[in-house]
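**Q** Here's my sequence, what's the structure:
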Amino acid sequence: MANAPQHEEKRHSGKTIIVTGGSNGIGQAFVHRLAEEGAHILICDVADASESVALAAGAQGTVEWLRCNLTDSRSIADFASDIATRGIEVDAIVHAAGIYPMKPVDEIDFGEWRRVFAVNIDSLYFLVRAFLPGMRSRGWGRIVAITSNTFQLGVANLTHYVASKGAVIGFVRSLSREVGDWGITVNGVAPSITRTKTVENEPQRRELLEPLAKLQCIKRVAVPDDYAGTVSFLLSDDASFITGQNIVVDGGWTHS
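**A** Below you'll find the model as predicted:
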């Protein structure tokens with residue numbers, strides 16, 4: 001694209017950033033972008049993230065994948081212990097992991113309800129508990145959670161997903177009140193339905209892409225890179241006075 005913005009290659013040089021869900025989709029785009037800008041990325045994901053590592057080869061920063069089950073507090077504790085043993089200090093967390101099965105509410109059993117909450121919000125709680133003390137002791141930190149514009153819109157057959165993202169937004173707003181005195185900011189970024197490999201492989205979602213794009217001010221289907229710049233900015237010193245926000249990045253769909 002001739003008018004594409006230029007990345008600030010060393011914007012995140014020297015920072016260590018955890019990216020959950022970095023094996024594919026939106027999370028993979030964050031891994032690539034932040035590595036290009038000099039960060040050391042730790043992908044926290046139970047899925048194989050070797051593709052994301054390979055895509056970032058030659059970037060200014062570095063990427064490694066540490067297998068971690070985000071729904072298991074013990075697995076996250078082991079992840080944190082491994083990092084600490086290596087003397088690595090985590091500067092920021094980008095929580096991009098999320099699942100969104102479509103099903104009417106009266107067909108959702110409690111096990112599925114809990115699984116959605118475990119991936120989408122419980123894991124964020126576990127990670128913050130593990131890495132917030134280090135950020136506080138160093139007087140600097142960034143936490144960015146991927147939320148969803150569905151919280152503003154309300155979407156049928158996604159009740160458990162929308163409720164979990166509402167919980168993430170509440171977590172962001174409240175946590176920002178607790179940690180601002182230590183130079184730590186906490187923000188959410190709310191995308192819309194996005195063209196990812198996962199969506200392309202699911203006919204029920206794929207057929208929604210073009211019709212929903214027509215509801216936006218910018219009438220094209222979103223791709224993962226559309227959110228990477230916002231996340232990068234929120235992780236930077238330029239965003240040091242922005243916290244407790246849920247920034248909607250959806251081409252103007254919610255606005256419309």
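
**Q** Give the buried residues for the lengthiest helix in the chain.
**A** Longest helix in the chain by number of residues, with DSSP state H as the criterion: helix 159-179. Buried residues in helix 159-179, defined by neighbour count with 16 or more other CB atoms under 10 Å: 159-169, 171-173, 175-176, 179. Every C-beta, even on glycine, is put in place using the N, C-alpha and C of the backbone.

**Q** go on, stretch 104-116?
**A** 113, 115-116.

**Q** Which of those residues sits closest to D82?
**A** Distance to D82, by CB to CB, is smallest for R115 among those, at 25.2 Å.

**Q** quick one: the closest one is in a strand?
**A** No. Assigned with DSSP: H, G, I helix; E, B strand; the rest coil, R115 falls outside any strand and is helix.

**Q** Now do the contacts for it.
**A** Counting by CB atoms under 8 Å, 6 or more residues apart in numbering, R115 touches 71, 99.

**Q** quick one: it from Y161, how far?
**A** The gap separating R115 from Y161 is 11 Å, by CB to CB, to the nearest Å.

**Q** Tell me the pLDDT of the closest residue to V223 other than its chain neighbours.
**A** Nearest residue to V223, sequence neighbours excluded (CB to CB, 6 or more residues apart in numbering): R195, at 5.3 Å. R195 carries a pLDDT value of 83.

**Q** From the contact counts, what lies against the longest helix of the chain?
**A** Applying 3 or more CB pairs under 8 Å, 6 or more residues apart in numbering; DSSP states H and E, one finds that helix 159-179 contacts helix 110-117, helix 123-138, strand 141-146, helix 150-153, strand 184-191, strand 246-249.

**Q** any idea of the mean pLDDT in it?
**A** 96.

**Q** Distance from the chain centre to that helix, please.
**A** 13 Å (CA atoms, centre = their mean, to the nearest Å).

**Q** Output that helix in CSV with nothing but the alpha carbons.
**A** Extracted in CSV, the C-alpha atoms of helix 159-179 (Å, rounded to 0.1, in the frame of the first residue of the first chain):
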residue,chain,number,x,y,z
THR,A,159,-23.7,-14.4,24.9
HIS,A,160,-20.9,-16.1,26.7
TYR,A,161,-18.3,-14.4,24.5
VAL,A,162,-19.8,-10.9,24.8
ALA,A,163,-20.2,-11.3,28.6
SER,A,164,-16.5,-12.4,28.9
LYS,A,165,-15.4,-9.4,26.9
GLY,A,166,-17.5,-7.2,29.1
ALA,A,167,-15.6,-8.6,32.1
VAL,A,168,-12.3,-7.8,30.4
ILE,A,169,-13.4,-4.2,29.9
GLY,A,170,-14.3,-4.0,33.6
PHE,A,171,-11.0,-5.5,34.6
VAL,A,172,-9.1,-3.0,32.5
ARG,A,173,-11.0,0.0,33.9
SER,A,174,-10.6,-1.1,37.6
LEU,A,175,-7.0,-2.3,37.3
SER,A,176,-6.0,1.1,35.8
ARG,A,177,-7.2,2.7,39.0
GLU,A,178,-4.9,0.5,41.1
VAL,A,179,-1.6,0.8,39.2
